[in-house]
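Visitor: pasting the sequence and the predicted model now:
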Amino acid sequence: MVSELVTFKLDKTFLKEVDETAKESGFSSRTDFIRASLRKNINEEKLREAMIELSKNFGKGKKKITDEDIHRVREEIMKEYSKKFNIPLD
């Protein structure tokens, strides 16, 4: 994997907050903290998109199903969408 340098400016007060939070969270550097924060944000956005897609399909069936059926189908769909949107399931 090739890394590319990205440069941006942050207010000193905010940068101090970033550094403190990174240290408190156990990150070895501000770069690792920022990288992890960006990954988390991207995964949350992918999950939001998956939930929107799921909501489009909710309620389309006319067949009467049980709560067990709903739970099983939700699990299957979440697995499919986690693969489609590359979202890790915890």
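Guide: Nice, thanks for sending it over. For clarity, every value in this text was computed on a predicted model and none was experimentally measured. Numbering: from 1, shown residues only.
Visitor: following the top helix by length along the chain, which helix or strand comes up?
Guide: What stands out as the longest helix in the chain, according to DSSP state H, is helix 30-57. Next along the chain after helix 30-57, taking DSSP states H and E as the criterion, comes helix 67-84.
Visitor: which parts of that following helix are buried?
Guide: Residues of helix 67-84 classed as buried: 78, 81 (neighbour count, 16 or more other C-beta atoms under 10 Å). C-beta coordinates here come from the backbone N, C-alpha and C atoms, glycine included.
Visitor: show me what it is packed up against.
Guide: For helix 67-84, the helices and strands in contact under the criterion 3 or more C-beta pairs under 8 Å, 6 or more residues apart in numbering; DSSP states H and E are helix 30-57.
Visitor: which regions of the protein sit below the pLDDT cut-off?
Guide: Under the criterion of pLDDT under 70, the regions of the chain flagged as low confidence span 59-63, 90.
Visitor: coming back round to it: so which elements touch the longest helix of the chain?
Guide: helix 12-24, helix 67-84.
Visitor: tell me what angle that helix forms with helix 12-24.
Guide: 90 degrees (axes from the mean of the first three to the mean of the last three C-alpha atoms, to 10 degrees).
Visitor: please identify the buried residues of helix 30-57?
Guide: For helix 30-57, burial by neighbour count (16+ other C-beta under 10 Å) applies to 33, 34, 46, 47, 50.
Visitor: OK, contacts around the closest residue to the fourth one other than its chain neighbours?
Guide: Leaving aside its sequence neighbours, residue 47 sits nearest to residue 87 (C-beta to C-beta, 6 or more residues apart in numbering; 5.3 Å). Residues touching residue 87, when contacts are defined by C-beta atoms under 8 Å, 6 or more residues apart in numbering, comprise 43, 46, 47, 50, 81.
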